[in-house]
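**Student:** With the input below, show me the fold.
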Amino acid sequence: MKKFLTALCLFALVSGIAVTAVACTDTQENGHSHVYGDWTVETESTLFEDGKEYRVCTAEDCPDADKGREERALEADGKTNALFDYFTYTATTCQKGDEGIVLNKNTGNNSGGATYFSKDASVKNYAWDGAETTLSFTLDLSVFTQENDFTAFVLAFNQESDASYVFVDEIRIGIIKTADGFLFNELTGIDHANVQNTIAAVKGEGAKSFTGNTPKVSFTFAYDAETKTLSYTLSVAGQSIENTKTPSADIVGLRSLWNAQLNKDGVELYDLVKD
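**Tutor:** Numbering: from 1, shown residues only. Have a look, this model is predicted:
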């Protein structure tokens, strides 16, 4: 009977069914029924790390030393629409979406929002030791209905200079709508303000094609301080482009992920994770 009640309790919690007698109590073998209070956050979730919350029995006669403590994970903010709160640069026209952040064009500079990987806009460095790392996210491109609708993303890196962190280099992905699907390509040496140059660059040599409106996009990167080499792989919907470059100074961290250029509002970015 206890197993049945526990299972029913879990079902009720997941489904949101108001079954007070079951959802709030758990009868123990000693005859005591836990009466649970509200969930309390023990560890706040961050952009990439899960948090944790707990609840305990509020009955004064609870015999358990841990008060029947129960715990559950809080999803990392990058996996929820709390991601919106981390986009603190050129994001004035962006919106919180159902899954993440809806990227809209800032008319001042023709770009979408950027995150410095912190809710604090004054923090502009995410420490990184150079080990191979993958930063990935999913895009909802369903608003791209016209050929040449496009968007571009930049992952920027920092150097340390005079006890502060400043931009040193970046890697870029461009994605464009075609008549029968999409193309993506690495963008190098383009002027973000020149739309036609961007369109031509995405469609240029080395472009990879894919179909489907919700591709996974990833930047995989590693920095070798001895050879001064940044190695990286840009992937969209399972298609990849590999390359290397030599930054002008040692990389010490990530600076930002920026929707650097777009010509149509409404692309939603969600499920931002770091592996």
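
**Student:** low-confidence ranges in the stretch 51-200 of the chain?
**Tutor:** 192 (pLDDT under 70).

**Student:** got the residue ranges for the strands in the stretch 51-200 of the chain?
**Tutor:** With strands called from DSSP state E, counting those that start in this stretch, the stretch 51-200 of the chain shows them at 51-55, 70-74, 87-89, 95-96, 101-103, 114-115, 126-127, 133-140, 150-161, 164-178, 181-186.

**Student:** most tightly surrounded among the ones you listed?
**Tutor:** Highest mean neighbour count of the strands of the stretch 51-200 of the chain: strand 101-103, a mean of 26 (counted as mean count of other CB atoms under 10 Å). Backbone N, C-alpha and C define where each C-beta goes, glycine included.

**Student:** what residues does that strand touch?
**Tutor:** Residues outside strand 101-103 that contact it (CB atoms under 8 Å, 6 or more residues apart in numbering) are 81, 83-84, 87, 91, 94-96, 112-113, 151, 259, 262, 265-270.

**Student:** Filter those residues down to the buried ones.
**Tutor:** Neighbour counting with 16 or more other CB atoms under 10 Å marks 81, 83-84, 87, 91, 94, 112-113, 151, 259, 262, 266-270 as buried within these.

**Student:** From those, which land in helices?
**Tutor:** In helices, judged by DSSP state H, none of these are found.

**Student:** Which of those sits closest to residue 140?
**Tutor:** Distance to residue 140, by CB to CB, is smallest for residue 268 among the buried ones among the contacts of strand 101-103, at 4.1 Å.

**Student:** contacting residues for the residue lying closest to the closest one once chain neighbours are set aside?
**Tutor:** The shortest distance from residue 268 to any non-neighbouring residue, by CB to CB, 6 or more residues apart in numbering, is to residue 140 (4.1 Å). Residue 140 makes contact with 99, 213-214, 267-268, 270, according to CB under 8 Å, 6+ apart.

**Student:** Against residue 120, how distant is residue 140?
**Tutor:** 27 Å (CB to CB, to the nearest Å).
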